[in-house]
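> Show me the folded form of this:
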Amino acid sequence: MVVRRLIRKKECCPGFTCDYVIGEDRRLKGLFWADEQSKTNYTVFGDIVGFDATYKSNKYDLVFVPFTGIDNHFRNVTFGGALLVVTDQDAAMKRAIKDVLSRSRHRLCMWHIWEKLKTKVGPVLLANIDFNTRMTHIVWNDTIIPEDFETEWHSIMSTFGLGNHEWLKDMYDLRFDWIPAYYHGENLAGLMRTTSRCESENYFFGQICNPRCTLVEFFTHFETAMNIQRHEHRRNDHDTRRDLNLYIGEYDAEMVVRRLIRKKECCPGFTCDYVIGEDRRLKGLFWADEQSKTNYTVFGDIVGFDATYKSNKYDLVFVPFTGIDNHFRNVTFGGALLGSETADS
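Down below sits the predicted model:
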């Protein structure tokens, strides 16, 4: 029923993507989905993607894996979701990431490995202050070089008689995937050194879902969660626009322009243009996204604009370009921020 529902949605919504795997026992083994908004979010914010395959959200013991990033308000944003049968450090998942995201670098969660270490070494060693101090120094340390890490790791294994510990040997073989010494200079946006992002995402979904859900109930809850998250994002965007003075200062103009140019590169339908004065202050800025331009094509017989509304402490005039849609409501075709001398001209 769930698969049929998603296939129907895919047929009705060209921007919706889903794929699935059914086992020989006709049970669902894997399911992935992402709607158009999620894919747009990935295009804009997908430099770093975190996912946590430890959260069971339904009575069939399928693991719910939300793919999470950080938006322009430093809040979680969801790029898609999956229901999977997986294990820690799942080899199939690692191969899939390498095949599909060939230019990415897959990293394991340090926090989960560290927590598992506590259960693997036993209570006596866990209570040993020297062992904990030395392990903490080489694991939670992004300033040491790989050679120093390896030397100290082998020293610790020898000192505490762990040379033949199978799990620790496996973790050492995987060191390139979770030890900070091996990826100096990589921006991980806090998604590697802590599970706070993924844990907060799981908590967010857990508030409206529970492990006893059927899959039909789960997807209803998931859509509700997405509506809440996107409403929050729109509200943050609104607050940001309202407090535009936070972004358009003597040096901040450059940051705003870079952000819009990045968006233009990622979203071919987005248009922007700008003027920077000799004093490096923003003098004029125009922007319109694809939907705004489509609105103009359909409803742009008459365009109104009002260049008298100052929306920020720099006295830049906000000029919305406005028309009337088929419901006789205002529709926006684009916007501009103009210096007073530019507005007068």
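
> partners of I276 in the sheet?
L282 (DSSP bridges).

> who's in contact with it?
Applying CB atoms under 8 Å, 6 or more residues apart in numbering to I276 gives the contacts 253-254, 257, 282-283. C-beta coordinates here come from the backbone N, C-alpha and C atoms, glycine included.

> What distance do you get for the residue nearest to the spatial centre of the chain to S38?
Computing the C-alpha centroid of the chain and ranking residues by CA atoms, centre = their mean puts G69 first, at 1.2 Å. Remark: distance between G69 and S38 (CB to CB, to the nearest Å) = 10 Å.

> which neighbours do these two share?
By CB under 8 Å, 6+ apart, the residues touching both G69 and S38 are F79.

> What is the burial count for the residue nearest to F299 when sequence neighbours are not counted?
With sequence-adjacent residues excluded and distances taken as CB to CB, 6 or more residues apart in numbering, F299 is closest to G323, at 4.5 Å. Other residues lying near G323 total 18 when counted by other CB atoms under 10 Å.

> I'd like the next helix or strand past the helix or strand where G323 lies.
Per DSSP states H and E, G323 falls inside strand 317-324. As assigned by DSSP H and E, the chain's next helix or strand after strand 317-324 is strand 330-338.

> quick one: whichever strand or helix holds A225 to chain centroid distance?
A225 is part of helix 215-242, with elements assigned from DSSP H and E. The chain centroid and the centroid of helix 215-242 are separated by 14 Å under CA atoms, centre = their mean, to the nearest Å.

> mind checking how far stretch 331-338 is from the chain centre?
With CA atoms, centre = their mean, you get 28 Å for stretch 331-338.

> make that stretch 131-146, sorry
Using CA atoms, centre = their mean, the offset of stretch 131-146 from its chain centre is 28 Å.

> for stretch 147-164, what is the average pLDDT?
For stretch 147-164, mean pLDDT is 95.

> Give me the residues contacting it.
With CB under 8 Å, 6+ apart, stretch 147-164 has contacts from 121, 125, 128, 131, 134-135, 137-138, 165, 168, 172, 175, 179, 181-182.

> and if you look at stretch 133-145?
Residues from elsewhere that reach stretch 133-145 (CB under 8 Å, 6+ apart): 110, 114, 117, 148-149, 152-153, 156, 179-181, 184, 193.

> Could you let me know which of the residues you listed ends up closest to S292?
Using CB to CB, R193 is the member of these that sits closest to S292, with 39.5 Å.

> Can you check what pLDDT the model gives the closest one?
Looking at R193, its pLDDT reads 51.

> show me the residues around the residue nearest to M1 when sequence neighbours are not counted that make contact.
If the residues on either side of it in the chain are set aside, M1 comes closest to V216, at 6.2 Å by CB to CB, 6+ apart. Neighbouring residues of V216 by CB under 8 Å, 6+ apart: 1-2, 5.

> Pull out the buried positions in stretch 273-284.
274, 281-284 (16 or more other CB atoms under 10 Å).

> if we can go back for a sec, top of the contacts of stretch 133-145 by neighbour count?
Going by other CB under 10 Å, I179 tops the contacts of stretch 133-145 with 25 neighbours.

> Can you tell me how far that one is from D52?
19 Å.

> is it possible to export the buried residues of stretch 273-284 to JSON lines including pLDDT and distance to F32?
Output for the buried residues of stretch 273-284, formatted as JSON lines (pLDDT from 0 to 100; distance: CB to CB, whole Å):
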{"residue": "Y274", "pLDDT": "89", "distance to F32": "39"}
{"residue": "R281", "pLDDT": "73", "distance to F32": "46"}
{"residue": "L282", "pLDDT": "77", "distance to F32": "42"}
{"residue": "K283", "pLDDT": "83", "distance to F32": "46"}
{"residue": "G284", "pLDDT": "88", "distance to F32": "44"}
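
> which among these gets closest to S104?
The closest of the buried residues of stretch 273-284, once distances to S104 are taken by CB to CB, is Y274, at 32.0 Å.

> Shouldn't the closest one be within a strand?
Yes. Using DSSP: H, G, I helix; E, B strand; the rest coil, the assignment for Y274 is a strand.

> Which SSE is immediately downstream of the helix or strand that H137 is a member of?
Per DSSP H and E: H137 is located in helix 129-139. Past helix 129-139, further along toward the C-terminus, the next helix or strand under DSSP H and E is helix 146-159.
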